[in-house]
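**Student:** Here is my input; please provide its structure:
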Amino acid sequence: MSRIGRMPVAIPAGVTVEIAEDNKVTVKGAKGTLERVLPKEMEIKVEDGHVIVTRPNDLKKMKSLHGLTRTLIHNMVVGVSEGYQKVLEVNGVGYRAAKAGKKLTLSLGYSHPVEMEDPEGIETSVDGNKIIVKGISKEKVGQYAAEIREKRAPEPYKGKGIKYADEVIRRKVGKTGKK
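**Tutor:** Below is the predicted model of the structure:
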C-alpha cells in the first residue's frame with residue numbers, strides 16, 4: 001500500500017474539512033478557505049479529527065493517486081492553518097526590488113524595470129534584498145515565486161540574479177588569459 005496515502009491527515013483545532021459529492025474538498029481555517037476537486041476514484045472520509053484516504057484497488061494508477069490525494073489534502077490543511085512562504089534573494093550590483101501597493105517592481109539590469117502584479121490570494125513583501133512570497137495555497141506560492149525567479153535566474157559565474165534563499169548556485173570558473 002502507499003505509505004504516504006495510508007497516513008491519516010490530522011485536522012488541527014479551528015480547521016474544518018467538508019467533503020461534497022465528486023470528492024470536492026473544502027478546507028476552512030483561520031487564514032482562509034481552500035477548495036479542490038480530487039480524483040473521484042479515491043474514497044475520502046473524515047473520522048474523529050482525521051481525514052482518511054482509501055483506494056478501491058491496487059492498480060498502478062490508483063496507487064499513485066492515493067499518495068497524491070492525501071498530500072493535496074495535507075497541503076490544504078497546513079495552508080489554512082499556518083500558510084506557506086517562499087523567500088527569494090536578489091543578488092547583483094544595481095539589482096533591486098521595490099513594492100508599491102500590489103505591484104512588485106524589479107530592477108534587474110534590463111533597459112526597463114520589470115513590474116509584476118500580485119495574484120489573487122498571494123502577498124509579497126520586500127525586505128532589503130529579500131522578496132517574501134506568502135499565501136495559503138502551496139501551489140500558487142510556489143508558482144509565483146518561480147515566475148519572479150524566472151525574470152532573472154541566477155547565473156553560474158558571478159551568482160547574479162534572483163535565487164531562492166535556500167538554493168545553492170553551482171559556480172563556474174571564468175575564463176583565463178593566454179600565457
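
**Student:** got a list of contacts for stretch 82-95?
**Tutor:** Outside stretch 82-95, the residues that touch it by Cβ atoms under 8 Å, 6 or more residues apart in numbering are 31, 78, 96-97, 106-109, 129-138, 141-142, 145, 148-149, 152, 154, 158-166. Where C-beta positions appear, they are placed from N, C-alpha and C, glycine not excepted.

**Student:** Drop anything exposed from those residues.
**Tutor:** 31, 78, 97, 106-108, 131, 133-138, 141, 145, 148-149, 152, 154, 160-163 (16 or more other Cβ atoms under 10 Å).

**Student:** where do the strands sit along the chain?
**Tutor:** Applying DSSP state E to the chain gives strands spanning 9-10, 16-20, 24-29, 32-37, 43-47, 50-54, 84-91, 96-100, 103-107, 114-117, 122-127, 130-135, 161-164.

**Student:** Check which residues of the third one are buried.
**Tutor:** Neighbour counts using 16+ other Cβ under 10 Å place V25, V27, G29 of strand 24-29 among the buried residues.

**Student:** which of the residues you listed lies closest to R70?
**Tutor:** V25 (11.3 Å; Cβ to Cβ).

**Student:** Residue for residue, what is the longest helix the protein has?
**Tutor:** When the chain is parsed with DSSP state H, its longest helix is helix 60-81.

**Student:** Burial check on I169, number of neighbours?
**Tutor:** 17 (other Cβ atoms under 10 Å).

**Student:** quick one: the residue lying closest to P12 once chain neighbours are set aside from R3, how far?
**Tutor:** In this structure, P12 finds its nearest non-sequential neighbour in S81, 5.1 Å apart by Cβ to Cβ, 6 or more residues apart in numbering. Taking Cβ to Cβ, to the nearest Å as the measure, S81 and R3 are separated by 24 Å.

**Student:** Run through the bridge partners of G32.
**Tutor:** Beta bridges link G32 to G29, judged by DSSP bridges.

**Student:** same question, the one 5 residues further on
**Tutor:** Applying DSSP bridges to V37 yields these beta-bridge partners: K24.

**Student:** How many neighbouring residues does it have?
**Tutor:** 10.

**Student:** For it, give me its contacts.
**Tutor:** D22, N23, K24, V25.

**Student:** how about a cut-off of 7 Å?
**Tutor:** D22, N23, K24 (Cβ atoms under 7 Å, 6 or more residues apart in numbering).

**Student:** Great, nothing more from me.
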